[in-house]
Every structure is written in structure tokens, then in C-alpha cells.
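**Q** Structure for this input, please:
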Amino acid sequence: MDPSGGCPHAANARLLAQGAVASVLLPGDVEGVAVLGHDALREFLAHPDVAKDARHFAALQAGGIPDGWPLRTFATVQGMTTADGEDHRRLRSLVSKAFTPRRVEELRPRIEALTASLLDGLDRAAAAGDGVADLRTHFALPLPMGVICELLGVDAAHHDRLHQLSNRIVATDIGPAESMAANREMVEVLSAVAAARTQEPGDDLVSALIAAREADGDRLGPHELIGTLMLTIIAGHETTLNLITNAVRALCTHRDQLALVRSGEATWADVVEETLRWDSPVSYFPFRYPTRDLPVGGTVIPKGTPVLAGYSAAGRDTTAHGADADRFDITRDGGARHLSLGHGAHYCLGAPLARMEATTALSQLFGRFPDLGLALPEAALPRHASFVGNSVQSLPVRLHG
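**A** Next up, the predicted model:
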């Protein structure tokens, strides 16, 4: 796997032409596997003999993974994404109360108001920049970061630092010292957040998690609390940030598809689902481990192997999405038949919130700036330095054509 990331689609196509499952070499010469095919990935994500707990990561348990390994946090952080069975159900039930359909719907007015306010800021930034502004910095980032931090009870003063640290933690080209420092500082910031909510509880998720821990000591341990906050903040803004960014890029380079929404022949929800399929916000997500030698997609994955879920590849798998799978088409039949938000017990808890944020963002953005376009050719946009996240680092746009 290329630690510097980049656009994954050409490499995905080459791998898919060879099969649904591929052996890969992770940073530090760690041997792993990527499941790329749609059907194989769907089977793998829900298989009863596949675990998330790093106790099943053979190389880690054998002492072959150093502390500064860039992907180590994905394996060892304590929270929902690294828990199985009853532990996973316990943690998920605590967090899920903040993401019920009713609770998400209650957030709609706040999301709409925040979106409108951020568009004012985007307009001011463009006016100060000869008509050009970075949509990712001024709009696609602060919207989901603001919403998830408000939901958690994290003060606005922490937002920028939490995003910077999140970026380092999901980077795959980072050195050992920097990786360990980012994780250490993230724990420090989140510990300060937890301490503040302990002193002054509010109507937020952090306060609720602390109350659950104090009411029943075995419900949520201190490491699980910090791990849960870390995972919720990273997943709660990075994925939606990439989704909004990728959707705007897609519409700006496929004006015919934008015209379909404006004419009423398609909806913003159609745009979101096709973006999730065609340019998944997450390219390869670490890790799952077979608890036995497991046949998947015609390949046997050895027990204890770290496996990447290849969401960006599965989204363009021609066996599942047709010969034109690499075409952005918001009228595609079965548009929501993608795996980009997961499948099975670990399906993304925040999916309804991400969809609401993205549809609200796109409808207001193009409603206010109908002539919005890219200020640079798409090929010139700098890509994420990670094979986990899939997007660009900045998105300079002209708001008025």
C-alpha cells in the first residue's frame, strides 16, 4: 500500500481485475490482505469468524508491531471499532442514544442554521481571495466538526486542534515519533474534555457516557471513554468532510448530473448515495482479523491476518455495479447498494447524521451559489496523504463562476 495515498481508483481497478481479494504490504513491511470485491466484502464484513479485537492480530500479539507503527491506533484504541460480541453491543448501546433517527431529526434546524452561517463565511473568504475560497476549509470541515463536537459537548476552542490531530492519526505516511505524539496529545485533549464535563455535566454525549460509567463501574472504563470519544470525533467529522468535498468535486466536473437535480429529475439524496459509491470517503479501513483460515472470494485469508476493507474498490466493482461502474450517475438503479458506510454489526452508527449533513450542505451550497465551480483542474488538487481517507487536501472554488 502506498503510504502517501493518492487517488485510489486506477490501482483498485488493476487489483480487481486480478480478483476480489489481494495480498498487500502495509507500512513497515507488515503483511496484510485487502478485500476489494463488493460481494466478497459484504460477506467478509458480516462473517461470524471475523473479529475486530486486536487479540486476534497475530503479528501484534507476537510483538512484531512497534509502538510508532502508523496504523497501530486503528488496532489498539479501545472502543466500538475494536470490540466484538457483548463488548461491542455494550459500547454501541451507550453511544447509539445520541444517533437515533429522532435525535438526528431534532438536529436538523441547528444543522441548517450552521450551514447558512458557514456559507456566509465562505462568501466572505471568496471576496477576500479574488473570488476564490477553499471550500474544504471554510465549509466542508467546520460543518461536521461543529455538529459532532456540539453533540459530544466539546468546546469550540478544541475544534481546530482535534481536526489537526485526527489528520495525523489517520495518516499512513507519518513517522513513528510524530504518530506517537499525535496520539498522546489527542488523549490529553480528550481527557481535558472529559474532566470539564465531569465538573459541569450537560445535555451531551460525553456527560451521558461519564454518568453511565459512574452509575455502573463496569459499563465504561476510562480507556474506553477516551477511545470512544476519539473514534466518534474522527469518524464523526472526517468521513462527512470527505463526503461533502467529494460530492462537490463530482458535481463540478459532471454538470449534467447537477442539472438533473436542478430540474427535479434527481435529488440531493441521490447525489450523496452515488458519491458514497463512486468516490467513497474511506478508501481502505483497518482492521479485521479472521479467527480461522477463512475462504473469501476464492482466496483463503490466514487466521490472524490484518485485513483492510476496500470500500473505494468495492464501489466501482463492475460485477456488482455494471460495466459503467466508474461513471458518476446519480440516476443509477440501486444507487444505495454500496458498502461505504459498512455492513453488519459494525454498520456506521452516524450514517443518518452524515446523510443529513451532506444533503443539507449540498442543497444550500448550490442553491446559494448555482454557478460554483472548481478554481483548479481536478488533476491539480492535492490528495490525502493516506490510503485510509479518500479525498483532496483542499478544494479551491469560484463561487460565482
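**Q** average model confidence for the helix or strand hosting A259?
**A** In this assignment (DSSP states H and E), A259 forms part of helix 255-262. Per-residue pLDDT over helix 255-262 has a mean of 97.
**Q** Please save the CA atoms from it in PDB.
**A** Only the C-alpha atoms of helix 255-262 are listed here, as PDB (Å, rounded to 0.1, in the frame of the first residue of the first chain):
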ATOM      1  CA  ARG A 255     -22.500  19.400 -14.700                       C
ATOM      2  CA  ASP A 256     -25.100  17.200 -16.400                       C
ATOM      3  CA  GLN A 257     -25.700  15.400 -13.100                       C
ATOM      4  CA  LEU A 258     -26.100  18.800 -11.300                       C
ATOM      5  CA  ALA A 259     -28.600  19.800 -13.900                       C
ATOM      6  CA  LEU A 260     -30.700  16.600 -13.100                       C
ATOM      7  CA  VAL A 261     -31.000  17.800  -9.500                       C
ATOM      8  CA  ARG A 262     -32.000  21.300 -10.500                       C
END
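**Q** got the contact list for it?
**A** With Cβ atoms under 8 Å, 6 or more residues apart in numbering as the test, helix 255-262 has contacts from 250-252, 266-268, 270-271, 328-331, 366, 370. Placement of C-beta: from N, CA and C, glycine included.
**Q** Buried ones from the residues you listed, can you make that a PyMOL selection?
**A** Selecting only the buried members of those in PyMOL, with burial defined as 16 or more other Cβ atoms under 10 Å, works like this:
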select buried, resi 250+251+252+266+268+270+271+328+329+330+366
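**Q** now for the contacts of helix 255-262, which pair is the farthest apart?
**A** D329 and P370 (21.4 Å; Cβ to Cβ).
**Q** Past the helix or strand harbouring T73, which element shows up next along the chain?
**A** Counting by DSSP H and E, the element that carries T73 is helix 72-76. In the C-terminal direction, the helix or strand that comes right after helix 72-76 (DSSP H and E) is helix 85-96.
**Q** buried sites along that following helix?
**A** Across helix 85-96, burial judged by 16+ other Cβ under 10 Å covers 87-88, 90-92, 94-95.
**Q** can I get the CA coordinates of that helix in PDB?
**A** C-alpha atoms of helix 85-96 as PDB (Å, rounded to 0.1, in the frame of the first residue of the first chain):
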ATOM      1  CA  GLY A  85     -19.700  -9.500  20.700                       C
ATOM      2  CA  GLU A  86     -21.000  -8.400  24.100                       C
ATOM      3  CA  ASP A  87     -18.300  -5.700  24.500                       C
ATOM      4  CA  HIS A  88     -19.300  -4.200  21.100                       C
ATOM      5  CA  ARG A  89     -23.000  -4.300  21.900                       C
ATOM      6  CA  ARG A  90     -22.400  -2.600  25.300                       C
ATOM      7  CA  LEU A  91     -20.400   0.200  23.900                       C
ATOM      8  CA  ARG A  92     -22.700   0.700  20.900                       C
ATOM      9  CA  SER A  93     -25.800   0.800  23.000                       C
ATOM     10  CA  LEU A  94     -24.200   3.600  25.100                       C
ATOM     11  CA  VAL A  95     -23.400   5.800  22.100                       C
ATOM     12  CA  SER A  96     -26.400   4.900  19.900                       C
END
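**Q** out of everything not next to it in sequence, what's closest to A182?
**A** Nearest in space to A182, with sequence neighbours left out and distances taken as Cβ to Cβ, 6 or more residues apart in numbering, is R168 at 3.7 Å.
**Q** following the helix or strand hosting the one you found, which helix or strand shows up next?
**A** Element membership for R168, per DSSP H and E: helix 159-170. Sequence-wise, the next helix or strand downstream of helix 159-170 (DSSP H and E) is helix 176-199.
**Q** Can you tell me what sits against that next one?
**A** If you take Cβ under 8 Å, 6+ apart as the criterion, helix 176-199 is touched by 66-70, 72-73, 152-155, 158, 161-162, 165-166, 168-169, 171, 174, 204, 206-207, 210, 225-226, 229-230, 233.
**Q** Report the angle between it and helix 159-170.
**A** 140 degrees (axes from the mean of the first three to the mean of the last three Cα atoms, to 10 degrees).
**Q** Pull out the buried positions in helix 176-199.
**A** Buried-residue list, helix 176-199, by 16+ other Cβ under 10 Å: 179-180, 182-183, 185-187, 189-190, 193-194, 196-197.
**Q** and the helix holding T73, what other elements does it pack with?
**A** Applying 3 or more Cβ pairs under 8 Å, 6 or more residues apart in numbering; DSSP states H and E, one finds that helix 72-76 contacts helix 176-199, strand 284-290.
**Q** isn't S96 right up against L349?
**A** Yes: S96 is within contact range of L349, at 5.9 Å (criterion: Cβ atoms under 8 Å).
**Q** Spatially, and excluding backbone neighbours, which residue is closest to D371.
**A** Nearest residue to D371 in three dimensions, chain neighbours excluded: G401, at 3.5 Å (Cβ to Cβ, 6+ apart).
**Q** Who are the contact partners of the one you found?
**A** 371-373 are the contacts of G401 under Cβ under 8 Å, 6+ apart.
**Q** what angle separates the helix or strand of the chain with the lowest mean pLDDT from helix 85-96?
**A** Lowest by mean pLDDT, DSSP states H and E among the helices and strands of the chain is helix 205-215, with a mean of 78. Taking the same axes, to 10 degrees, helix 205-215 and helix 85-96 form an angle of 130 degrees between their directions.
**Q** Show me what secondary structure element comes after helix 205-215.
**A** Next helix or strand after helix 205-215 toward the C-terminus (DSSP H and E): helix 222-252.
**Q** From start to finish, how long is stretch 53-63 in a straight line?
**A** End-to-end distance of stretch 53-63 (Cα to Cα, to the nearest Å): 16 Å.
**Q** Run the chain-centre distance for it.
**A** Centre-to-centre, stretch 53-63 and its host chain are 24 Å apart (Cα atoms, centre = their mean, to the nearest Å).
**Q** Would you mark the buried spots in that stretch?
**A** Neighbour counts over stretch 53-63 (16+ other Cβ under 10 Å) mark 53-54, 56-57, 59-60 as buried.
**Q** Which of those fall in helices?
**A** Those of the buried residues of stretch 53-63 mapping onto helices are 59-60, per DSSP state H.
**Q** so where's the stretch 301-401 of the chain shaky on pLDDT?
**A** Applying pLDDT under 70 to the stretch 301-401 of the chain flags the ranges 334-336.
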